[in-house]
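In: Predicted model, plus sequence, below.
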Amino acid sequence: VVKVTTDPAAGEALVDPVSLLAPGAGPDAPASLSELSALLAVPVASDPINFVPPSPPPPHAPPPNFANEEYVRLEVSLTPEELADVDATLTANLAAELGISEDRLSYELVESADGITEVVVKVATDLTAGEAPVDPVRLLTPGAGPGAPATLDELSTILGVPVASDPVNFVPPSPPPHAPPPDFRSEEYVRLDVDLTPEEVAGLRSALLANLASELGVSGDRLSFEVVDGADGRTEVVVKVTTDVAVGEALVDPVSQLTPGISSDAPAALEELSTILGIPVVSDPINYAPPSPPPAFASEEYVKLVLDVTENDLASQSAALLSNLAIELGISEDRLSFEVVASSDGSTEVVVKVTTD
């Protein structure tokens, strides 16, 4: 059974392997089984057919429990420091007594007082690898059954540590109920109208980002902006502010922090805002809603190149251009695409899109 996975979100086309491989199924399919066998370099005995994988269990059914975890609590007449000194010995002896490999064992201290330390031992077995489930409580409790030690003294001798009382079962705390992860990343936008041409704005990019970062109280790598419109010597700029609550960053509201007179921390007038940002702002900042929600994880960056080749010449060199761009940017070619946006007088403008995940 061959599985073909494609990602439409990354621009990949859907693939129907049955129609592409079954002889005579379509214009791109092989004509016969012999041709298919030659193409695949294996002797195919019959026509390819569709395969439907087994249905997943219904939503209300628990997933199959392939990993089996069992716990046992031991009281040991040692301090945590003394126990640390015999850690390797205890692990090796437990593994030998339970009949499993040491990498299936782990333990942690849960309490210690008056020279006695409580240890919880976890035994993990993998049913899918043919391992048998292990019941550490039955195998370690004196007199519990065949294979178990007869007394606490015998158990202490077997484990190499003085066990103070019978082992008991331990139930780990329940995991929290299933819930979607919180959205820690916040993206806020503000639109500024400035009395500059797009080219003049581009020349002030670094200074503008530095001034915005200082005024908003964020680091420069949390800011980006793009020109969305430009006419009559004025330019609309959209600034994006990204903050990450998961690392302790405070949420930022760029509109309220930049709009004159809206709060005590905001500039008093447009002139003051213009001075702070180092660009002539001609109207109050306003909120901006991006055309569609930004992707949760995929980052798309763009760059425009003006190439001294005709559009037809570029078409014949597109593979080389993508290969060289990938090498220069340090990414794989499947993360790159470009399109021609203008062409005149022997030169061609292209926009290159770089997608990272």
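Out: Good, I have the coordinates.
In: give me every residue that touches the closest residue to residue 353 other than its chain neighbours.
Out: Leaving aside its sequence neighbours, residue 353 sits nearest to residue 337 (C-beta to C-beta, 6 or more residues apart in numbering; 5.0 Å). All C-beta atoms are positioned from the backbone trio N, CA, C, and that covers glycine. Residues near residue 337 by C-beta atoms under 8 Å, 6 or more residues apart in numbering: 11, 352-353, 355.
In: Going along the chain from the strand or helix carrying residue 337, find the next helix or strand for me.
Out: Element membership for residue 337 (DSSP states H and E) is strand 336-344. The first helix or strand that comes after strand 336-344 along the chain, using DSSP H and E, is strand 347-356.
In: May I see the buried residues of that next one?
Out: Neighbour-count burial for strand 347-356 flags 348, 350, 352, 354-355 (criterion: 16 or more other C-beta atoms under 10 Å).
In: Please apply the same query to stretch 98-115.
Out: In terms of neighbour count (16+ other C-beta under 10 Å), stretch 98-115 has its buried residues at 98, 100, 104-105, 107, 112.
In: first to last residue in it, what's the distance?
Out: Using C-alpha to C-alpha, to the nearest Å, the end-to-end distance of stretch 98-115 comes to 26 Å.
In: All the strands of the protein, residue numbers only.
Out: Taking DSSP state E, the strands of the chain run over residues 67-76, 105-113, 116-126, 168-169, 185-194, 223-231, 234-244, 286-287, 299-307, 336-344, 347-356.
In: Out of the ones you listed, which gets nearest to residue 140?
Out: strand 67-76 (6.1 Å; C-beta to C-beta).
In: what's that closest one in contact with?
Out: Here strand 67-76 makes contact (C-beta under 8 Å, 6+ apart) with 83, 110, 116-127, 133-137, 140, 161-165, 167-172.
In: do stretch 150-169 as well
Out: So stretch 150-169 is in contact with 71-78, 83, 86, 89-90, 93-94, 97, 116, 136-137, 140-143, 149, going by C-beta under 8 Å, 6+ apart.
In: average model confidence for it?
Out: Stretch 150-169 shows an average pLDDT of 92 in the prediction.
In: Name the residues of it that are buried.
Out: 152, 155-156, 159, 161-164, 166-167.
In: would you turn those residues into a markdown table with distance to residue 320?
Out: Below are the buried residues of stretch 150-169 laid out as a markdown table (distance: C-beta to C-beta, whole Å):
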| residue | distance to residue 320 |
| --- | --- |
| 152 | 77 |
| 155 | 72 |
| 156 | 74 |
| 159 | 68 |
| 161 | 68 |
| 162 | 74 |
| 163 | 72 |
| 164 | 75 |
| 166 | 75 |
| 167 | 69 |
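In: Where does pLDDT dip in the stretch 151-300 of the chain?
Out: Along the stretch 151-300 of the chain, the model assigns pLDDT under 70 to residues 173-185, 245-247, 291-298.
In: if you set the cut-off to 80 instead, what comes out?
Out: 171-186, 228-233, 244-250, 263-264, 289-300 (pLDDT under 80).
In: Can you show me the helices along it?
Out: Secondary structure of the stretch 151-300 of the chain (DSSP state H, counting those that start in this stretch): helices located at 152-159, 198-203, 205-216, 254-258, 270-277.
In: Tell me which of those is the most buried.
Out: When the helices of the stretch 151-300 of the chain are scored by mean count of other C-beta atoms under 10 Å, the highest mean neighbour count falls to helix 254-258 (a mean of 20).
In: Dump the C-alpha coordinates for that one into PDB.
Out: What follows is helix 254-258 as a C-alpha-only set of coordinates in PDB (Å, rounded to 0.1, in the frame of the first residue of the first chain):
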ATOM      1  CA  PRO A 254      -0.300  50.200  18.900                       C
ATOM      2  CA  VAL A 255      -3.400  52.300  18.000                       C
ATOM      3  CA  SER A 256      -4.000  53.500  21.500                       C
ATOM      4  CA  GLN A 257      -0.300  54.100  22.100                       C
ATOM      5  CA  LEU A 258       0.200  56.100  18.900                       C
END
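In: Thank you kindly, that will do.
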